[in-house]
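J.: With the sequence up front, the predicted model follows.
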Amino acid sequence: MHFHILTLFPELFASVLSATMLQKGQERGALQFSLHNIRDFALDKHRVTDDTPYGGGEGMVMKPEPIVAALESLAAASGRPHRILLSPRGSVLTQQRAGELAALPSLALLCGRYEGVDERVSQFVDEELSIGDFVVSGGEIAALVVIDAVSRLVPGVLGSEQSIADESFSDALLEYPQYTRPAEFRGQKVPDVLLSGDHGAIARWRRQQSLRRTFEQRPDLLDRARLSDDDRTYLATLRSRRDG
Ligand SMILES: C[S@@+](CC[C@H](N)C(=O)[O-])C[C@H]1O[C@@H](n2cnc3c(N)ncnc32)[C@H](O)[C@@H]1O
């Protein structure tokens with residue numbers, strides 16, 4: 001996966017891209033990052049990239065010309081990446097969408113700043129993506145969220161594919177509780193089944209814990225979950241306990 005990042009603040013990325021999973025992903029040849037400073041594509045001698053909004057109002061708006069020139073330079077240089085504008089009005093990133101994006105060869109992440117980008121830029125991207133129903137001060141933080149969520153689903157980036165399969169949202173359920181040593185901490189014991197060595201019983205317990213957590217904390221997810229007959233029976237038990 002080749003990520004192209006279009007930003008006015010490339011310096012914000014260095015420490016995150018050069019540590020832990022993202023660094024390993026690059027060393028393994030599974031990830032590549034190219035930072036493109038939008039200011040380098042400004043047309044005037046002062047390299048202006050923003051201006052006041054037509055119609056008045058607070059703040060500055062990012063001008064369309066440097067952004068579109070930056071996007072077009074990518075298309076010319078490396079085959080057209082899938083172009084994403086980070087925006088609070090975009091569709092909200094989900095684990096499923098992260099998986100779909102991870103299957104693409106390259107992504108261009110366009111980071112807005114100030115009051116956002118000129119509306120006409122929308123015509124030059126493939127989608128607008130939000131990291132949630134709140135506003136952060138710049139697209140760089142949002143781009144890093146997308147990069148992290150997508151990268152860990154790119155084959156070869158993480159060691160264990162099974163750990164991804166078990167994670168929250170992987171099949172629309174929250175993950176089961178995890179424990180490590182010590183077996184007892186401040187009066188709280190690790191559930192006996194996890195110490196039993198009975199792999200069948202552990203798998204059943206984990207599945208039921210996943211269902212229970214999702215039922216209690218994110219019941220909206222259950223509509224999309226892939227459920228077996230045993231799962232449905234267990235959920236019916238939880239419902240009758242709650243209601244009765
Ligand atoms: C301060 S925000 C602009 C907010 C804009 N005035 C509005 O009300 O929608 C500046 C930039 O941060 C990024 N951003 C802010 N919140 C975001 C979110 N929830 N998801 C993705 N990007 C976001 C976008 O790139 C946006 O252009």
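T.: Perfect, I can see it now.
J.: got the buried residues for stretch 97-109?
T.: 97-99, 101-102, 106-109 (16 or more other Cβ atoms under 10 Å). Every residue, glycine included, has its C-beta placed from N, CA and C.
J.: can you list the domains in the chain?
T.: 2-151, 162-243 (automatic domain parsing).
J.: just to revisit the earlier point, quick one: which of the buried residues of stretch 97-109 is nearest the ligand?
T.: For these, the residue nearest the ligand by Cβ to the nearest ligand atom is Leu109; the value is 9.5 Å.
J.: Can you report how many residues lie near Gln23?
T.: Applying other Cβ atoms under 10 Å, we find 13 residues neighbouring Gln23.
J.: my bad, Gln188
T.: If we define neighbours as other Cβ under 10 Å, then Gln188 has 9 of them.
J.: Tell me how far it lies from Pro177.
T.: 11 Å (Cβ to Cβ, to the nearest Å).
J.: Any idea how many residues pack against Gln95?
T.: 15.
J.: contacting residues around it?
T.: Gln95 sits next to 149, 167-170 when contact means Cβ atoms under 8 Å, 6 or more residues apart in numbering.
J.: before we move on, the earlier item: out of the domains of the chain, the one nearest the ligand is which?
T.: Closest to the ligand of the domains of the chain, according to Cβ to the nearest ligand atom: domain 2-151, at 2.1 Å.
J.: Check the secondary structure at the nearest residue to Gly57 once chain neighbours are set aside for me.
T.: Computed as Cβ to Cβ, 6 or more residues apart in numbering, the closest residue to Gly57 that is not its neighbour in sequence is Glu115, at 7.7 Å. Here Glu115 is coil, with the state taken from DSSP: H, G, I helix; E, B strand; the rest coil.
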